[in-house]
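Trainee: just to be clear, the model below is a prediction. Sequence and coordinates:
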Amino acid sequence: MKNLIVDHLSIRFGAANPVRDVCFQLDAGRSLGVVGESGSGKSLTALALMGLLPEQAQVSGELSWGGRSLQTMTERERRAVRGREIAMIFQDPMTCLNPSFTVGFQIDEVLKLRLGIRSSAERRKRGLEILGDVGIPAPETRWDAYPHQLSGGMSQRVAIAQALASEPELLIADEPTTALDVTVQMQILELLFSLKKKRGMSLLFVTHDLSVAGRLCDDILVMYAGQSLELAAAGAILKSPQHPYTQALLAARPHLGGGSGDRLKTIPGSVPRATEQIRGCVFAARCEKKFDRCEREAPAFDATSKFNRCFLSRNERGSL
Amino acid sequence: MVQILFTEWSCNLILKTASRRLFEIGLTLLGVSLVAFFLIRMVPGDPVTLMIGERGASPEAIAELKARLGLDRSLIEQYGLFAAGAVRGDLGVSILSGRPVLGEFLERFAATSELGVLALILATIAGVGLGIVAALTRGRWLDRVSMSLAVTLYSMPIFWWGLMAIVLFSVKLAWLPVSGRIAVEYDVPLKSGWLLIDCWMMEAAWGEKVAAFWSALRHLTLPVIVLATVPLAVIARMTRSSLLEVIGEDYVRTARAKGLSPMRVIGLHALRNALIPVVTVVGLMLGTILTGAILTETIFSWPGLGRWLVSAVQSRDYPVIQGGVLLVAVIVVTTSLIVDLLSFWISPRLRDRGRS
């Protein structure tokens, strides 16, 4: 089993810099929730891991998978990893399955081309097993169905099935339930995490929902404006968040039992644009606890397994 | 079980669509027969005058000829006779040759279809290929070159470009023959009507069969290329834009994420979807090909439908014109029906949408 290390990843598109500095480590068999608002760079980070960024993207930093650098690989080596060792499922299952091919065909090609199973009877048997594993009732009847004949929840189950068909060691799930009905969201998430446990794979779960990630994942990475701000165990993040942004995110959650007159707490201001040059801390402009130094200088941090990118946590307020 | 149900549903749907289309086809043909019948009679001059010529004849002789051709009856009556005959498959006889219109049509149609089908195949293969190349090199020089080429081909008037092709390849370079279907020394008996096929069926030595085939192929080359240019350009542009659109789709990203080879991602996952609108365009190009055939056949002296109809118009051969135009319309609507069914077959989504 392999570890994933992302070290000072930055992605540029011309003048825009949507991913500024992302660091994290995901150990084999663990699950990491990547949490952030839209535009925080979490999906781009996921695509960078898959090597699926558009051609014009300039990537710097280090992506290491099982000790091998993903960036220095040839396209051929990269393709051997993509979809085989690292698989991915996407946000909208209704547009992610090919409308012209049956469910069976789309799973079958993974078993045939990625796992190299020669016998078509064997592939069909394996494929039906996988469809059963992802909770599709009566898989035989779904094998020859086309994607448009399935509901959103069913489609996402099929998408999970075709990602898992190649028996990956790491699954990246990019907001896998955002496009689904609320009633099936939790079912899909529970399925994902139970499959992760059953197969012993690692899971990178990208979401904007901090509480869901906190409940399901081992660790949480909080991202903001293209930077990773805090990485900690899920329990620790929920109980005692360190970074002011994480604290503000948690405070902004709606509470059951809150009075009907209570207003939701919000974070004032808006996320900096990807083209903006930021000298200091990326969150400084909206931070309640900022002081002079925050706007002049970016907090240094060492990308160890757990970190928090804020002067306050290091007691560095007085040092200048 | 479910699989059986699915196919049964699709069949029902296809039958329903086909029967609705058949009704529309009936209406179309009625319209075409009316237009073809009355339009040519509105053109000054009539077959009798043209046959007798400028010198004239006695009024009795003219009246007698008119009566023999049925032109003395009222227009409504004439149309009624034509329509009643057409429904029974009898389109009358040509005034000029005295032979049945249907028989002449089928003979000429074989020559036109050999030209048209080959042109459509060439336009489809080359057009789709050019479109794919342009889409994959989007924005780079190869894309610009192929798309400028497409616009140029599209804008060239067929008669001009046909004549230029003859001047260059037949006259100056003498690579290819100027006109006709086959060199005069080969006497190939027509069976299928396609010389490329019939030359293998004639009773002759192998060497002569090969030589006849080669001659027919050389005669076909220029007219096929000239006839294919406009459809080729349209198909290339359609393929390019459709493929570019599909390449941005989520399911193509999914195919990449599965680690499939670029060949399979583009050639199977993207192209399969990108070709759905292209099939419709290829169907529409059939009309363009038949229109183009009239010019192309005139330029290359190709004994096909186009030349047949043009000379029928010149001599006001009413039965040939109304019957011929009606038969061309039958061919166009039938093939567009086939193309429609084909796009049903290649798009599962379309198959189901009509069902509800």
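Mentor: Yep, that arrived.
Trainee: contacts only, for the residue in chain A positioned nearest to chain B.
Mentor: Using C-beta to the nearest C-beta, A:Gly83 is the residue of chain A that sits closest to chain B, at 2.8 Å. The C-beta positions use only the backbone N, C-alpha and C, and glycine is treated the same way. Contact analysis of A:Gly83 by C-beta atoms under 8 Å, 6 or more residues apart in numbering or on different chains lists A:Val110, A:Arg114, A:Ala163, A:Ser166, A:Pro168, B:Ala257, B:Lys258, B:Gly259, B:Leu260.
Trainee: doesn't B:Leu222 make contact with B:Trp175?
Mentor: No: with contact taken as C-beta atoms under 8 Å, B:Trp175 and B:Leu222 are classed as non-touching, separated by 9.2 Å.
Trainee: more neighbours: which of the two?
Mentor: B:Leu222 (23 against 11; other C-beta atoms under 10 Å in any protein chain shown).
Trainee: residues contacting that one?
Mentor: Contacts of B:Leu222 (C-beta under 8 Å, 6+ apart): B:Gly162, B:Ala165, B:Ile166, B:Phe169, B:Ser170, B:Leu176, B:Phe300.
Trainee: if we go to 6 Å?
Mentor: By C-beta atoms under 6 Å, 6 or more residues apart in numbering or on different chains, B:Leu222 lies in contact with B:Ala165, B:Leu176.
Trainee: just B:Gly306 next, same as before
Mentor: With the criterion set at C-beta under 6 Å, 6+ apart, B:Gly306 makes contact with B:Ala293, B:Ile294, B:Glu297.
Trainee: now it: which helix or strand?
Mentor: helix B:305-314 (DSSP states H and E).
Trainee: could you check the pLDDT of A:Ala28?
Mentor: pLDDT for A:Ala28: 92.
Trainee: next: B:Ala135.
Mentor: Reported pLDDT for B:Ala135: 93.
Trainee: doesn't B:Tyr186 make contact with B:Ala212?
Mentor: Yes: between B:Ala212 and B:Tyr186 there is a contact under C-beta atoms under 6 Å: 4.3 Å.
Trainee: and these two? Which one has more around it.
Mentor: With neighbours defined as other C-beta under 10 Å, B:Ala212 and B:Tyr186 compare such that B:Ala212 has more, 23 against 19.
Trainee: returning to what we had before: can I get the contacts of B:Gly306 in JSON lines with secondary structure, pLDDT and neighbour count?
Mentor: Compiled in JSON lines, the contacts of B:Gly306 are given as follows (DSSP: H, G, I helix; E, B strand; the rest coil; pLDDT from 0 to 100; neighbours: other C-beta atoms under 10 Å in any protein chain shown):
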{"residue": "B:Ala293", "secondary structure": "helix", "pLDDT": "87", "neighbour count": "26"}
{"residue": "B:Ile294", "secondary structure": "helix", "pLDDT": "85", "neighbour count": "19"}
{"residue": "B:Glu297", "secondary structure": "helix", "pLDDT": "90", "neighbour count": "26"}
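Trainee: quick one: B:Ala174 from B:Leu168, how far?
Mentor: 10 Å (C-beta to C-beta, to the nearest Å).
Trainee: these two: which has the busier surroundings?
Mentor: B:Leu168 (13 against 9).
Trainee: if I look at the more buried one, how far off is chain A?
Mentor: 41 Å (C-beta to the nearest C-beta, to the nearest Å).
Trainee: and what of B:Gly89?
Mentor: Taking C-beta to the nearest C-beta, one finds B:Gly89 at 41 Å from chain A.
Trainee: could you report the neighbour count for that residue?
Mentor: Neighbours of B:Gly89 using other C-beta under 10 Å come to 7.
Trainee: then B:Glu60?
Mentor: B:Glu60 has 8 nearby residues by other C-beta under 10 Å.
Trainee: Provide the backbone phi and psi angles at B:Tyr186.
Mentor: phi -100, psi 130 (degrees, to the nearest 10).
Trainee: swap that for A:Tyr224, please
Mentor: Torsion angles, degrees, to the nearest 10, at A:Tyr224: phi -150, psi 130.
Trainee: and the pLDDT at it?
Mentor: 92.
Trainee: so it is in contact with A:Tyr245, correct?
Mentor: Yes: assessed by C-beta under 6 Å, A:Tyr224 is found in contact with A:Tyr245 at 5.3 Å.
Trainee: overlap in contacts of the two?
Mentor: Common neighbours of A:Tyr224 and A:Tyr245 (C-beta under 6 Å, 6+ apart) are A:Phe283.
Trainee: run a quick neighbour tally on B:Glu203.
Mentor: Neighbours around B:Glu203, by other C-beta under 10 Å: 7.
Trainee: B:Leu71 and chain A, how far apart?
Mentor: With C-beta to the nearest C-beta as the criterion, B:Leu71 and chain A are 57 Å apart.
Trainee: filter the contacts of A:Gly83 to the buried ones?
Mentor: Buried members of those, scored by 16 or more other C-beta atoms under 10 Å in any protein chain shown, are A:Val110, A:Arg114, A:Ala163, A:Ser166, A:Pro168, B:Ala257, B:Lys258, B:Gly259, B:Leu260.
Trainee: can you pull the contacts of the fifth one?
Mentor: I take that to be A:Pro168. So, once contact is read as C-beta under 6 Å, 6+ apart, A:Pro168 ends up touching A:Glu85, A:Ile86, A:Ala87.
Trainee: need the residues you listed in TSV with pLDDT, distance to A:Ser38 and neighbour count, can you?
Mentor: Shown next, in TSV, are the contacts of A:Pro168 (pLDDT from 0 to 100; distance: C-beta to C-beta, whole Å; neighbours: other C-beta atoms under 10 Å in any protein chain shown):
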residue	pLDDT	distance to A:Ser38	neighbour count
A:Glu85	94	28	17
A:Ile86	95	23	26
A:Ala87	95	23	27
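Trainee: so of the residues you listed, which ones are in strands?
Mentor: A:Ile86, A:Ala87 (DSSP state E).
Trainee: so which bits of chain B are right by chain A?
Mentor: By C-beta under 6 Å from any C-beta of the partner chain, the residues of chain B that approach chain A are B:2-3, B:250-251, B:254, B:256-259, B:269, B:272-273, B:348-349.
Trainee: now, of those, which are buried?
Mentor: Buried among the residues of chain B next to chain A by 16+ other C-beta under 10 Å: B:Asp250, B:Tyr251, B:Thr254, B:Arg256, B:Ala257, B:Lys258, B:Gly259, B:His269, B:Arg272, B:Asn273, B:Pro348.
Trainee: which residue packs closest to the third one, ignoring adjacent ones?
Mentor: Counting by C-beta to C-beta, 6 or more residues apart in numbering or on different chains, B:Thr254 lies nearest to A:Cys96, which is 4.7 Å off, once chain neighbours are set aside.
Trainee: and the second one, by the same measure?
Mentor: Sequence neighbours aside, A:Asn98 is the residue nearest to B:Tyr251 in space, at 4.3 Å (criterion: C-beta to C-beta, 6+ apart).
Trainee: pick out the most distant pair among the buried ones among the residues of chain B next to chain A.
Mentor: For those, the maximum inter-member distance is 24.7 Å, found between B:Gly259 and B:Pro348 (C-beta to C-beta).
Trainee: can you list the low-confidence ranges for chain B?
Mentor: B:1-13, B:53-56, B:353-356 (pLDDT under 70).
Trainee: quick one: contacts for the residue of it found nearest chain A?
Mentor: Residue nearest to chain A within chain B (C-beta to the nearest C-beta): B:Gly259, separated by 2.8 Å. Applying C-beta under 6 Å, 6+ apart to B:Gly259 gives the contacts A:Arg79, A:Arg82, A:Gly83, A:Arg84.
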